[in-house]
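Chemist: Could you look at this predicted model? Sequence included:
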Amino acid sequence: MLKKIMITLIFALSLLPASAFAHGTSEEHQREMALNTYMLIGSGILFVLLFVLYLVTKNRIKGLVPKVIKWGWILSLVGVLISGGMFLWGNRTSVSAETTLHHIHGLGYSSDGKRIFIPAHDGLRVYSQGQWKTPDGAKHDYMGFSMVDDGFYSSGHPAPGSNLKEPLGIVKSTDEGKTIKALDLAGETDFHGMSVGYKTHTIYVFNPAPNSKMKSPGMYYTKDETKTWVKSEMKGLNEDLSALVVHPSKEAVVTVGTQNGVYVSKDYGQNFENVVSDIQVTSLFFNNEGALFVGGIKKEPLLLQVDVESGKTVEINLPDLKEDAVTYVAQNPVNENELVFATYKKDVYLSGDKGQSWKKIADQGKGIAKTS
């Protein structure tokens, strides 16, 4: 009998579609996992029923019936083995092989510190408890992405088939991207340079060209969710800007980066003064206490923590970034020891000890999930 079972098993495996071992989209994988689960349960029940029936009939009924039941039992056993293997294989590879960060246009934590959000050209990606996921919601191409205490603000471009205008102007979501509210300048401007106060929700933007609310290029801010805009004079700045960040609780404090340093304004961007010199700034981030994190290049990639009041600077240890640099950085709002940053090469690193050690969670845009 064992020989017959092995022959049947090999034959059944040869008929199994190759797609059962392939990697598809997250939605496809969820459907496959559900189907595999139902197959495992159904074949298991059938196996038990046929086995009991075979034991009952084999000594009472002679001829064809017990043989048919016996072969039905063997085939149901094969079904259990195959569906069980498919279930375990699908469960092992369901997340890491499917998550792709086509681009990285921002980085931030949910207010409870449990999820990391990354806008990845075709919607959001979320990292939580060692796993990558694609959340519900339209796959908008978010730019100028800013997480706040009750959701996020962004600009960018609508997903294919969306009824939102192109470009998005400024939008907001309070349900992690499931729904989007258009605030202003829809169909007019895509703000790549944009930052929002984590607690104040004061919005600052670099405006690239005139629009219906902003008559000239430059920096503008709004304290009432885009109802009124004010232009900043930006005195003390004569360089092209590479980064922008707003203080989480002091709406008048805004910081910008350039090819040569970091500048801070305490009067809504009217006047700026230099706080860090001789560094090509690639990213800026304020934590909830107002400490400034600066990613940049000074011969080598570096990450600094800066006190904007005293000017005191502490360098944070980084992994070996070969021909790369920090493009976005964030700190967990409920755990100051947890830091995350992304790079130009679409690598993402996570630290649980404030940079003493780092774990790579995305490699060149491919999500790396915990396997145990």
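Modeler: Nice, thanks for sending it over.

Chemist: Stretch 192-199: end-to-end distance?
Modeler: Separation of the first and last residues of stretch 192-199 by Cα to Cα, to the nearest Å is 21 Å.

Chemist: strand partners of the helix or strand harbouring residue 341, parallel vs antiparallel please.
Modeler: Of the helices and strands defined by DSSP states H and E, residue 341 is found in strand 339-343. Here strand 339-343 has these sheet partners by DSSP bridges: strand 326-331 (antiparallel), strand 348-351 (antiparallel).

Chemist: deepest of the ones you listed, which one?
Modeler: Mean neighbour count (mean count of other Cβ atoms under 10 Å) peaks for strand 326-331 among those, with a mean of 23. The C-beta positions use only the backbone N, C-alpha and C, and glycine is treated the same way.

Chemist: for the record, mean pLDDT for that one?
Modeler: In this model, strand 326-331 has an average pLDDT of 98.

Chemist: if we can go back for a sec, redo the strands paired with strand 339-343 as TSV? Include distance to residue 184.
Modeler: Converted to TSV, those look like this (distance: least, Cβ to Cβ, whole Å):
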stretch	distance to residue 184
strand 326-331	24
strand 348-351	31
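
Chemist: can you tell which of those strands is closest to residue 297?
Modeler: strand 326-331 (9.0 Å; Cβ to Cβ).

Chemist: starting at the chain centroid, how far to stretch 102-112?
Modeler: Offset of stretch 102-112 from its chain centre (Cα atoms, centre = their mean, to the nearest Å): 5 Å.

Chemist: ok, back up a step: tell me the mean pLDDT over the strand holding residue 341?
Modeler: Rounded mean pLDDT across strand 339-343 is 98.

Chemist: now for the strands paired with strand 339-343, which one comes closest to residue 133?
Modeler: strand 348-351 (14.3 Å).

Chemist: quick one: contacts of that closest one?
Modeler: For strand 348-351, contacts defined as Cβ atoms under 8 Å, 6 or more residues apart in numbering pick out 101, 104, 116, 118, 127, 319, 337-343, 357-362.

Chemist: how about 6 Å then?
Modeler: The contact list for strand 348-351 (Cβ atoms under 6 Å, 6 or more residues apart in numbering) reads 319, 339, 340, 341, 342, 358, 359, 360, 361, 362.

Chemist: Columns neighbour count and distance to residue 214 on top of the residues you listed, output as JSON lines?
Modeler: Putting those into JSON lines (neighbours: other Cβ atoms under 10 Å; distance: Cβ to Cβ, whole Å) gives the following:
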{"residue": "319", "neighbour count": "17", "distance to residue 214": "40"}
{"residue": "339", "neighbour count": "24", "distance to residue 214": "35"}
{"residue": "340", "neighbour count": "22", "distance to residue 214": "33"}
{"residue": "341", "neighbour count": "28", "distance to residue 214": "31"}
{"residue": "342", "neighbour count": "26", "distance to residue 214": "29"}
{"residue": "358", "neighbour count": "18", "distance to residue 214": "40"}
{"residue": "359", "neighbour count": "14", "distance to residue 214": "42"}
{"residue": "360", "neighbour count": "11", "distance to residue 214": "40"}
{"residue": "361", "neighbour count": "22", "distance to residue 214": "38"}
{"residue": "362", "neighbour count": "27", "distance to residue 214": "36"}
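
Chemist: Between which two of those residues is the distance greatest?
Modeler: Spanning the widest gap among these are 339 and 362, at 14.9 Å by Cβ to Cβ.

Chemist: sorry, back to before: relative to the whole chain's centre, how far out is the strand holding residue 341?
Modeler: With Cα atoms, centre = their mean, you get 11 Å for strand 339-343.

Chemist: next one: stretch 233-241
Modeler: Counting by Cα atoms, centre = their mean, stretch 233-241 comes out at 32 Å from the chain centroid.

Chemist: how about it: buried residues?
Modeler: Going by neighbour count (16 or more other Cβ atoms under 10 Å), the buried part of stretch 233-241 is 234, 237, 241.

Chemist: and that stretch, how far apart are its ends?
Modeler: Terminal-residue distance, stretch 233-241 (Cα to Cα): 14 Å.

Chemist: Then stretch 266-274?
Modeler: End-to-end distance of stretch 266-274 (Cα to Cα): 12 Å.

Chemist: And for stretch 338-358?
Modeler: Start-to-end, stretch 338-358 (Cα to Cα) is 10 Å.

Chemist: ok, now stretch 214-230?
Modeler: Stretch 214-230: ends 9 Å apart by Cα to Cα.

Chemist: any residues touching it, and which ones?
Modeler: Residues contacting stretch 214-230 (Cβ under 6 Å, 6+ apart): 170, 183-184, 202-210, 213, 231-232, 234, 268-269.

Chemist: Out of those, which end up buried?
Modeler: By 16+ other Cβ under 10 Å, these give 170, 183-184, 202-207, 213, 231-232, 234, 268-269 as buried.
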